[in-house]
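**Q** My questions are about this predicted structure, shown below with the sequence.
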Amino acid sequence: MVQQLSKLATWATMLSCFLASSTNALGQELNEWQSSPAAYLELPQQGMPGQLIMPDGTAYQLVEQPDVTYSLSSEAMGMTPSSAPASGGASDSAKQDNGTNPAQNITTCIVSNEYYELDGGNQINTSYARLKFPIYDKRGSLLVEVPFTYYDFTAQFPESPEVGGIGDVKFQVSYNTWTSCDKKLTMINFLEFYVPSADTVAVGVPPGGNELTAFNVGTGKYVLGPGMGFVYMAQPNFIIAPLYFYETSIAGDGDRPMIRRGKWRIFAMYAWQSGAYILPEFQIVTNYKTGNNDTYIAPEFGYSSKGTTLYCKPGAGLSPDQNDRQWGFELGMRVQF
């Protein structure tokens, strides 16, 4: 007990000296640390280094040395000040800035293309333009998504034209509603809203977005999608996140079938010091009107450097039914500001 109290006293003295002698570059971060509950200290134990987590997500390594009781290294552990918001729980100290953490709310521009071969031979090719803004003092976000869809259903409907055009635009709001005391677990609430902006010709070609399980290529409906998820930061460079959305049509073309759809997305992300990361993902999309499940597994491989992330995402369906995803491939880029 005396030894532990001595160590704690040494830590208090060391941190006091560090705060007093910090440079101007670190001054603002340390002031935030003093005033924000998001900053916390992990002491070294059993030969492992500790760390001081700043409110902006920067981590400083704490090492016990033979000739000095403890020392504080100012080398950031693979993180940048922009890698996490001032508040947001698990996002505050996640050792990554690749844009995969849904609890992380940073201005981000995302462009991607998804190609899917469906069971039965039909094809869907969609390009997305997304822009994400932080709101509520970086505790939430607003995402705007504009899809440009091309699909070919001639394998099922030989007389059908190959159709391309803008899809239904999506607006999504997220909010980090709860964070655990150790900042490792964050609960997030979402609300999606789809506007029936798809080209009329795209909506009218069979089978259409209402009959498909995993796609929204043009429903003719206003669709609302509340959702909830958790982000668990097992380590600063390792997160686990299950997310669920329930989508339902609330208005729109009365001649089009209603939308009742559930979406599970479960993934884990591990990032290396080099900026490379891997994100295996499991998806289950359920059409509650037909009872069909589209199950899909897709590992994402990416590399992040200075706020820009490039990634690829191959995937395969598990026991697909007709017009479920048989296999697919996604390429994309995220740029954080």
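**A** Okay, I see it.
**Q** what about residue 234, how many residues close to it?
**A** The tally of other residues near residue 234 (other CB atoms under 10 Å) stands at 12. All C-beta spots, glycine's among them, are computed from the backbone N, C-alpha and C.
**Q** And what about it, helix, strand or coil?
**A** Following DSSP: H, G, I helix; E, B strand; the rest coil, residue 234 is assigned to strand.
**Q** and the gap between it and residue 191?
**A** 28 Å (CB to CB, to the nearest Å).
**Q** now residue 138
**A** Plainly put, residue 138 is 18 Å away from residue 191 if you go by CB to CB.
**Q** Then residue 156?
**A** In terms of CB to CB, residue 156 sits 34 Å off from residue 191.
**Q** just residue 301 next, same as before
**A** 31 Å.
**Q** Repeat that for residue 145.
**A** Residue 145 sits 14 Å away from residue 191, taking CB to CB as the criterion.
**Q** Comparing these two, which residue is more hemmed in?
**A** More neighbours surround residue 145 than the other of residue 145 and residue 191, with 18 against 14 (other CB under 10 Å).
**Q** and the strand or helix carrying the more buried one, what's its mean pLDDT?
**A** For residue 145, the host element (DSSP states H and E) is strand 140-152. Strand 140-152 carries an average pLDDT of 94.
**Q** Check which helices and strands it is in contact with.
**A** strand 123-135, strand 163-166, strand 169-179 (3 or more CB pairs under 8 Å, 6 or more residues apart in numbering; DSSP states H and E).
**Q** hey, least reliable of those by pLDDT?
**A** Ranked by mean pLDDT, those bottom out at strand 163-166, with a mean of 83.
**Q** Kindly export that strand (C-alpha atoms) in CSV.
**A** Taking C-alpha atoms only, strand 163-166 is exported to CSV below (Å, rounded to 0.1, in the frame of the first residue of the first chain):
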residue,chain,number,x,y,z
VAL,A,163,-31.4,1.4,-66.3
GLY,A,164,-29.2,4.0,-64.7
GLY,A,165,-29.9,7.2,-62.8
ILE,A,166,-30.0,8.9,-59.4
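**Q** begin at 668 from here
**A** Taking 668 as the first residue, the last one we looked at is strand 830-833.
**Q** Buried residues, it. List them.
**A** Buried residues in strand 830-833, counted by 16 or more other CB atoms under 10 Å: 830-832.
**Q** Sheet-wise, list the partners of it with their directions.
**A** strand 807-819 (antiparallel) (DSSP bridges).
**Q** can you map out the strands along the stretch 818-967 of the chain?
**A** Assigned strands in the stretch 818-967 of the chain, in chain order: 830-833, 836-846, 852-862, 888-902, 905-919, 927-938, 943-954, 959-972 (criterion: DSSP state E, counting those that start in this stretch).
**Q** Tabulate those (JSON lines), appending distance to residue 793.
**A** JSON lines is the format used below for the strands of the stretch 818-967 of the chain (distance: least, CB to CB, whole Å):
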{"stretch": "strand 830-833", "distance to residue 793": "10"}
{"stretch": "strand 836-846", "distance to residue 793": "12"}
{"stretch": "strand 852-862", "distance to residue 793": "14"}
{"stretch": "strand 888-902", "distance to residue 793": "17"}
{"stretch": "strand 905-919", "distance to residue 793": "17"}
{"stretch": "strand 927-938", "distance to residue 793": "16"}
{"stretch": "strand 943-954", "distance to residue 793": "15"}
{"stretch": "strand 959-972", "distance to residue 793": "15"}
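**Q** What helices and strands are in contact with the helix or strand containing residue 998?
**A** Residue 998 belongs to strand 992-1003 when assigned by DSSP H and E. For strand 992-1003, the packing partners by 3+ CB pairs under 8 Å, 6+ apart come out as strand 775-785, strand 959-972, strand 975-984.
**Q** switch the cut-off to 6 Å
**A** Contacts defined by 3 or more CB pairs under 6 Å, 6 or more residues apart in numbering; DSSP states H and E place strand 992-1003 against strand 775-785, strand 975-984.
**Q** tell me which residues in that strand are buried?
**A** Within strand 992-1003, the residues scored as buried using 16+ other CB under 10 Å are 992-995, 997, 999, 1001, 1003.
**Q** Out of those residues, give me the two with the largest separation.
**A** Farthest apart among the buried residues of strand 992-1003 by CB to CB are 993 and 1003. That separation is 33.4 Å.
**Q** for the chain, what are the low-confidence residue spans?
**A** Within the chain, the ranges that satisfy pLDDT under 70 run 668-717, 720-763, 867-877.
**Q** care to break it down by domain?
**A** Here the domain parsing of the chain from automatic domain parsing is 669-744, 756-1003.
**Q** and the ones you listed, which is most packed in?
**A** Among the domains of the chain, the stretch with the highest mean neighbour count (mean count of other CB atoms under 10 Å) is domain 756-1003, at a mean of 18.
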